[in-house]
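>>> what follows is a predicted structure for the sequence shown.
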Amino acid sequence: MKGSILVVDDEEVILKSCKRILEPEGYDVSTALSALKAIELLEGAKPYDLVITDIKMPGMDGMEFMRRLRAKNPEICIVLITGHPSQESIKEALALGIIDYLPKPFSPSLLTETTAKAMEVRKKSVKTDSQDFTGEMAEKLAEIIRKHKNKPGSLIPVLQEAQELVGYLPPVVQRHIARGLNLPVSEVHGVVSFYSFFSMKPKGKHNVRVCLGTACYVKRAEEILARLKEQLQIDIGEVTVDRKFSLESVRCLGACGLAPVVVVDKDTHGSVNPVKTMDILAQYE
């Protein structure tokens, strides 16, 4: 079995479709017609790796459901379903730590692709937790916590120094900080997910983002992404062995007039020629 998934939507046809598409892919799929029913399932004995939830539901909507879910389980992966995506709703959902979103109606291929990506993120987060957060780091983090513990507003300084120490803030680090400062894990996670300068994923010294929005896509953005993957020998969401580069894809960077667009750190590179993609990376060697 590839993983356990809970799909939450008030439309039964969506639930049946997700189950029909994902189960043959090797996933164990449970469904809930409401957020309240989903909470009951999540409080049961069965663990879930991924929750796919609608945003518009009667009673408790998707946003409130995700807030409650994060308070109980900061580590669970979430994908949002939305029929009417807006910048405000997506921004709020991203602050709650969603991995991706599915616009209604979505195709079977988009559902399977998004699910596979979310599961990969889940696997990598578990793996990198143990690899990156060593015993020596735990001792240093404990010292950081002791230094700030009795000071007002200690959480953000501790998070800043912890990120400098580890490179990012995986769940294991957040749990250590919560215990050390006598705070709920949900409060620590809320601060980490709210501020953009905190990261819950490992990143390279230089973070490369490739826009796959419509304007960029028609101008060979996929070819650019393929060349970067080949040259860096990593996939989307991964970091090179030397930690120099990490690679991301985004739906839109808001620079359609410069398509195709690649952003490295804070530098925007427009009208990128796929053939000369590697010339961009050479600037950061």
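Sure, I can see it. Since the structure is predicted, the reported quantities are computational estimates derived from the model, not experimental observations.

>>> so what touches stretch 181-197?
70-72, 74, 95-97, 145, 149, 154-156, 158-159, 169, 174-175, 177-178, 198, 200 (Cβ atoms under 8 Å, 6 or more residues apart in numbering). Any C-beta I mention is one placed from the backbone N, CA and C, and that applies to glycine too.

>>> just the buried ones from the residues you listed?
70, 74, 96-97, 145, 154-155, 158-159, 169, 174-175, 177-178, 198, 200 (16 or more other Cβ atoms under 10 Å).

>>> and which of those is nearest to residue 112?
Closest to residue 112 out of the buried ones among the contacts of stretch 181-197 is residue 97 (22.1 Å), distances taken as Cβ to Cβ.

>>> isn't that closest one up against residue 76?
No: judged on Cβ atoms under 8 Å, residue 97 makes no contact with residue 76 at a distance of 9.1 Å.

>>> can you pull the residues that touch both of those two?
With Cβ under 8 Å, 6+ apart, residue 97 and residue 76 have common neighbours residue 70.

>>> re the thing from before, tell me which two in the buried ones among the contacts of stretch 181-197 are the farthest apart.
Largest pairwise distance in the buried ones among the contacts of stretch 181-197, by Cβ to Cβ, is 25.4 Å, between 96 and 145.

>>> what strand or helix carries residue 31?
strand 27-32 (DSSP states H and E).

>>> please state the offset of that strand from the chain centre?
In terms of Cα atoms, centre = their mean, to the nearest Å, the gap separating the centre of strand 27-32 from the centre of its chain is 21 Å.

>>> so what secondary structure elements neighbour that strand?
Contacts defined by 3 or more Cβ pairs under 8 Å, 6 or more residues apart in numbering; DSSP states H and E place strand 27-32 against strand 3-8, helix 12-22, helix 35-42.

>>> quick check: buried residues in it?
27, 29, 30, 31, 32.

>>> pLDDT at the third one, what is it?
Pointing back at residue 30 there. As predicted, residue 30 sits at a pLDDT of 95.

>>> my guess is it contacts residue 8, does it?
No: applying Cβ under 8 Å, one finds residue 30 not in contact with residue 8, separated by 9.5 Å.

>>> picking up where we left off before, which one of the helices and strands packed on strand 27-32 is the most hemmed in?
Across the helices and strands packed on strand 27-32, averaging neighbours per residue (mean count of other Cβ atoms under 10 Å) puts strand 3-8 on top, at a mean of 23.
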